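Colleague: here is my input; please provide its structure:
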Amino acid sequence: MQDTARAAARFGVPTVTGFTGSSIWHAAYAFPPTSQAFWDAGFADFGRRWMPILDVFDERGVNFALEVHPTEIAFDIASAERAVAAVNGHRRFGFNFDPSHLGYQGVDYVRFIRSFPTRIHNAHMKDVWWGKGDGTVGVFGGHTSFGDARRFWDFRSVGRGMIDFEAIIVALNDIGYAGPLSVEWEDSRMDRVHGATESAAFCRRLDFKPAAGPFDAVFDKSQQAGAR
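Modeller: Predicted coordinates:
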């Protein structure tokens with residue numbers, strides 16, 4: 001990972017997105033009973049492993065953006081906050097925002113953006129639906145494959161799921177995010193060329209340039225002109 005930071009710097013890449021893994025993910029469901037001390041030790045382990053890596057990222061002027069995702073050290077807002085604390089708020093540690101992995105868990109994905117306004121370094125445009133299926137498969141997936149009609153949730157082509165991308169664009173603009181909107185397309189029911197084409201078009205249509213100032217500031221200018 002340290003070499004990744006060095007390579008990114010040489011190629012002029014400002015942000016590396018990726019995963020960290022987690023030594024405590026297997027205990028995500030706390031039974032048999034799992035103590036906070038056990039989880040604390042897992043986050044401490046993450047900090048020990050990643051602080052030296054992040055220091056090299058800092059030396060090279062590159063950010064690392066963790067995709068908040070089940071199986072990772074951070075998979076919702078609460079665990080993301082603990083991950084930031086574990087690396088002492090290291091300025092090179094941030095997130096690749098992906099609403100699809102938050103929505104089906106019941107996590108407020110717009111609140112995630114507003115919770116980490118200086119740490120969103122990349123944004124995936126990826127859609128998902130949930131509350132579907134036939135009631136035989138829960139949020140953990142039931143060891144079924146994507147596209148299985150029994151599933152409680154599944155990834156969808158962008159714009160065909162349940163993610164509120166309008167609210168996401170507004171929130172990203174509010175925090176001053178100026179990075180890419182990267183389409184990540186995964187829809188087991190759709191031809192991928194069709195899906196990628198419509199997803200890109202959807203994002204272009206929905207995205208907009210943020211205002212340079214309050215919309216009603218024009219009235220102040222009009223009044224000033226009238227006074228002259």
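Colleague: can I assume residue 17 sits in a strand?
Modeller: Yes. Remark: residue 17 belongs to a strand, assigned using DSSP: H, G, I helix; E, B strand; the rest coil.
Colleague: number of nearby residues for residue 31?
Modeller: Other residues near residue 31 number 6, with proximity taken as other CB atoms under 10 Å. For every residue, glycine as well, the C-beta is placed using N, CA and C.
Colleague: shouldn't it be within a helix?
Modeller: No. Counting by three-state DSSP, residue 31 is not found in a helix; it is coil.
Colleague: give me the mean pLDDT for stretch 182-197.
Modeller: For stretch 182-197, the mean per-residue pLDDT is 96.
Colleague: C-alpha coordinates for the longest helix along the chain, CSV please?
Modeller: Looking across the chain with DSSP state H, the single longest helix is helix 36-59. In CSV, the C-alpha atoms belonging to helix 36-59 read as follows (Å, rounded to 0.1, in the frame of the first residue of the first chain):
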residue,chain,number,x,y,z
GLN,A,36,-16.7,-3.5,23.1
ALA,A,37,-13.2,-4.3,24.2
PHE,A,38,-12.9,-6.9,21.4
TRP,A,39,-14.1,-4.3,18.8
ASP,A,40,-11.8,-1.7,20.3
ALA,A,41,-8.9,-4.0,19.8
GLY,A,42,-9.9,-4.5,16.2
PHE,A,43,-10.0,-0.7,15.5
ALA,A,44,-6.6,-0.4,17.4
ASP,A,45,-5.2,-3.1,15.1
PHE,A,46,-6.5,-1.2,12.1
GLY,A,47,-4.8,2.0,13.4
ARG,A,48,-1.5,0.3,13.9
ARG,A,49,-1.4,-1.2,10.4
TRP,A,50,-2.6,1.9,8.6
MET,A,51,-1.0,4.9,10.3
PRO,A,52,2.4,4.1,8.7
ILE,A,53,0.7,3.6,5.3
LEU,A,54,-1.2,6.9,5.7
ASP,A,55,2.1,8.7,6.6
VAL,A,56,3.5,7.7,3.2
PHE,A,57,0.4,8.9,1.5
ASP,A,58,0.9,12.2,3.3
GLU,A,59,4.5,12.4,2.3
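Colleague: cheers, nothing more for now.
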